[in-house]
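[1] Predicted coordinates and the sequence they were generated for:
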Amino acid sequence: MSGRKGIILAGGLVGFLAVLLVHFGNPVNMGFCIACFIRDMAGGLGLHRAGVVQYLRPEIIGMAVGAWLISIYKGDFKARGGSSPFTRFILGFFVMIGALMFLGCPLRMVLRLAGGDLTALLGLVGFTAGIGLGIVFLNKGFTLKKTYSLNKAEGFLFPAMQIAFFILLIAAPAFIFFSESGPGSMRAPIALALIAGLLVGVVGQRTRMCTVGGIRDFIMFKDTHLISGFLSILAVALVGNLITGNFNLGFEGQPVAHNDWLWNFLGMALAGFGSVLLGGCPLRQIILSAEGNIDSVITFLGLLIGAAFAHNFGLASSGAGPTTNGKVAVLIGLAVVLIVGFMNMDRSADVTMKGDVKLGA
Amino acid sequence: MALNRVDARGRSCPEPVVLTRKALEQSPGGVEVILDNATSRDNVKRFAESRSYKVVVKNDGEDFVLAITK
């Protein structure tokens, strides 16, 4: 599954499952949205009290468990961490602020395009610009430094936490919040959402699918491998939306979206810039977390807390448009990510050449 | 011919590819890259092959050693 065919099939599967989940109850163009679903989970846990976006999304739980199981089976599971953890937390935090300005992670941006939501075009342009900016830093030696081996037990904690979320979802104790209206109340059946998540976790782990990586590799190395998965999601979801009647071409009245061009652009620019410095989009961070990458677990926590702040402080946009607080937060975020970029450039030792170690033919 | 060695262990995507690219700019004849995860192994291999290099992968304990030559 690691070849070109694998990534195209995997993208197609993600696109198909996204359409299916919408057909069976998820909000339109939100079959998958890592940012929205983590935001719902923050709400479900009561970390924010925005009543319309509270639910423990089984898709996220499924992705984590699916990626965890396949990584163990294939021998890719390896507990590791220690690569600038707090910087990653902060980057994760602001990626969420940017995504909630736009109203979606990069994966939902693709799904919005596939649903005919042209407001997402500005998001795509901003996302690409943010990635381009990040690449300038990568080419100048940006690094979050090395990651180190950890005890296996450390790596099991993230999937265990996701399983605990699943138990809370099923047991539904009074302290877990479930939206009764709004996007959080629109949900595919738990079993379907969980299975869809498991499948995406498995194929995501095997193919290393990543929306940020797709555009990054194309710009940096002219490598079309990952971007072909991105295009495959778009193509299959587009056809699926046409068949299920969820395709609605235009700028106005798009579901869970707003038509403020500048802030759609800047929101996704922040998400793209932050994600490229993190080495992967929110989807990829969940898959890596499940494989034992604790740096990605810290990023996940940054996303979760970012989502809680976004709703507690009135930073997240709604269909009515962005908020003043949200605009300020996105500008702060862009400044912070720029500073992180400048502060982590390692010009001196960017290539470790050990000419004295002569090996080989 | 002896190859220069790039140690990209502990580096996360896409740094190993960036390091390999820089190393190949300095020694276009080929380099040896040591990596510690399968994602980087596949990315570096795909990158080198796209630049018409030959890649031989060897396992070295938990690490991978890629010999990249013309």
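    Looks like it came in fine. Numbers count the residues shown, from 1 in each chain, chains lettered A, B, ... in the order given.
[2] which residues touch residue A:144?
    With contact set as Cβ atoms under 8 Å, 6 or more residues apart in numbering or on different chains, residue A:144 has these partners: A:83, A:84, A:87, A:88, A:277, A:279, A:295, A:344, B:12. (Each C-beta comes from the backbone N, C-alpha and C, glycine too.)
[3] quick one: which of the residues you listed has the most company?
    residue A:279 (29 neighbours; other Cβ atoms under 10 Å in any protein chain shown).
[4] thinking residue B:12 is in contact with residue A:284, fair?
    No - the pair residue B:12 / residue A:284 is not scored as a contact, 10.8 Å apart, by Cβ atoms under 8 Å.
[5] Can you tell me the centre-most residue of the chain?
    No chain specified, so I'll use chain A. The residue lying closest to the centre of chain A (Cα atoms, centre = their mean) is residue A:282, at 2.0 Å.
[6] I was after chain B.
    Residue closest to the average C-alpha location in chain B (Cα atoms, centre = their mean): residue B:33, at 3.5 Å.
[7] Does it fall in a helix, a strand, or a coil region?
    For residue B:33, the secondary structure call by DSSP: H, G, I helix; E, B strand; the rest coil comes out as strand.
[8] Chain B: strands as residue ranges?
    B:4-7, B:30-35, B:54-60, B:63-69 (DSSP state E).
[9] Check which helix or strand residue A:272 maps to.
    Assigned by DSSP states H and E, residue A:272 belongs to helix A:261-278.
[10] Which one of the residues in chain B is closest to chain A?
    Here chain B gets closest to chain A at one residue, residue B:10, 3.2 Å apart by Cβ to the nearest Cβ.
[11] Could you count how many residues lie near the closest residue to that residue other than its chain neighbours?
    Nearest residue to residue B:10, sequence neighbours excluded (Cβ to Cβ, 6 or more residues apart in numbering or on different chains): residue A:146, at 3.2 Å. Neighbourhood size, residue A:146 [other Cβ under 10 Å]: 17.
[12] quick one: residue A:146 from residue B:57, how far?
    Separation of residue A:146 from residue B:57 (Cβ to Cβ, to the nearest Å) stands at 21 Å.
[13] re the thing from before, isn't the residue nearest to residue B:10 up against residue B:15?
    No - the criterion here is Cβ under 8 Å, and residue A:146 misses it with residue B:15 at 9.6 Å.
[14] ok, back up a step: can you tell me which of the strands of chain B is most buried?
    Ranked by mean neighbour count, the strands of chain B are led by strand B:30-35 with a mean of 24 (mean count of other Cβ atoms under 10 Å in any protein chain shown).
[15] Also compute the angle for it relative to strand B:54-60, please.
    Calculated by axes from the mean of the first three to the mean of the last three Cα atoms, to 10 degrees, strand B:30-35 forms an angle of 40 degrees with strand B:54-60.
[16] closest point of the stretch 151-300 of chain A to chain B, which residue?
    Closest residue of the stretch 151-300 of chain A to chain B, Cβ to the nearest Cβ: residue A:279 (4.8 Å).
[17] Need the per-residue pLDDT for that residue.
    On pLDDT, residue A:279 comes in at 96.
[18] mind checking how far it is from residue A:288?
    For residue A:279, the distance to residue A:288 (Cβ to Cβ) stands at 8 Å.
[19] cool, and residue A:252?
    38 Å.
[20] ok, which residues in chain B are in contact with chain A?
    Counting by Cβ under 8 Å from any Cβ of the partner chain, the residues of chain B close to chain A are B:1-15, B:17-19, B:21-23, B:26, B:32, B:37-39, B:42, B:46-47, B:50, B:62, B:67, B:69.
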